[in-house]
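Peer 1: When you get a sec, could you give me coordinates for this:
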Amino acid sequence: MSQHRPLLKRLLIISSLMFGFAFALVPLYDVFCQVTGLNGKPSMQQAKTSESINIMQQVDVDFITHAQAGAPFKVIAKNQRMTVNTGEMNKVTFKASNLSDKDLVMQAVPSVSPGLSAQYLHKVECFCFQQQPIKAGESVDMTLLFYVDEELPTEIEEMTLSYALFDISDKL
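Peer 2: Numbers count the residues shown, from 1 in each chain. I've put the predicted structure just below:
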């Protein structure tokens, strides 16, 4: 048994280091994404309105949605693709439907692709800022008011704003 003691010590040290690394991985990833801008997470803060428009730079913006974990919601942008001038204020209306027979509360979580473009998409008004109560079988219109920053690199000609929809009724 004493001959296995050094091996046992090494295995315990390696296991402890592996556990520590796995525990630190999420915060390290968040820091990496924040520094590089690769996470695709747009700001959840309400932006100020745009002051100027650059008609010489346009970008195509696509809007997609998907319900998570069987959430009984259907949300569709009335304009699923827009070509916008940078700096220009734009309004998109989304139609949200509760497909269940119960009153529910929906939360929309946005992400932007490519990830580097997330910092250039500014939401002045967004249904993702608040939880959205929707009655059973009801459909409601929800608004997104946004602009793409004039500082957007010219090589980014297209971006996608995606919303993941969650049923958070049980969490309230």
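
Peer 1: only C-alpha atoms for contact and neighbour calcs from this point on.
Peer 2: Will do.

Peer 1: ok, which stretches of this protein are strands?
Peer 2: Under the criterion DSSP state E, the chain carries strands at the ranges 54-67, 73-77, 81-86, 90-98, 104-113, 121-126, 132-134, 139-148, 158-167.

Peer 1: which intervals of the protein have sub-threshold pLDDT?
Peer 2: 1, 28-50, 172 (pLDDT under 70).

Peer 1: Domains in this structure, by residue range?
Peer 2: 2-36, 54-171 (automatic domain parsing).

Peer 1: Please work out which of the ones you listed is packed deepest.
Peer 2: Of all the domains of the chain, domain 54-171 has the most neighbours on average by mean count of other Cα atoms under 10 Å, namely a mean of 17.

Peer 1: if we can go back for a sec, mind checking which of the strands of the chain is nearest residue 19?
Peer 2: Among these, the nearest to residue 19 by Cα to Cα is strand 104-113 (29.8 Å).

Peer 1: Mind giving me the packing neighbours of the closest one?
Peer 2: For strand 104-113, the elements it packs on are strand 132-134, strand 158-167, judged by 3 or more Cα pairs under 8 Å, 6 or more residues apart in numbering; DSSP states H and E.
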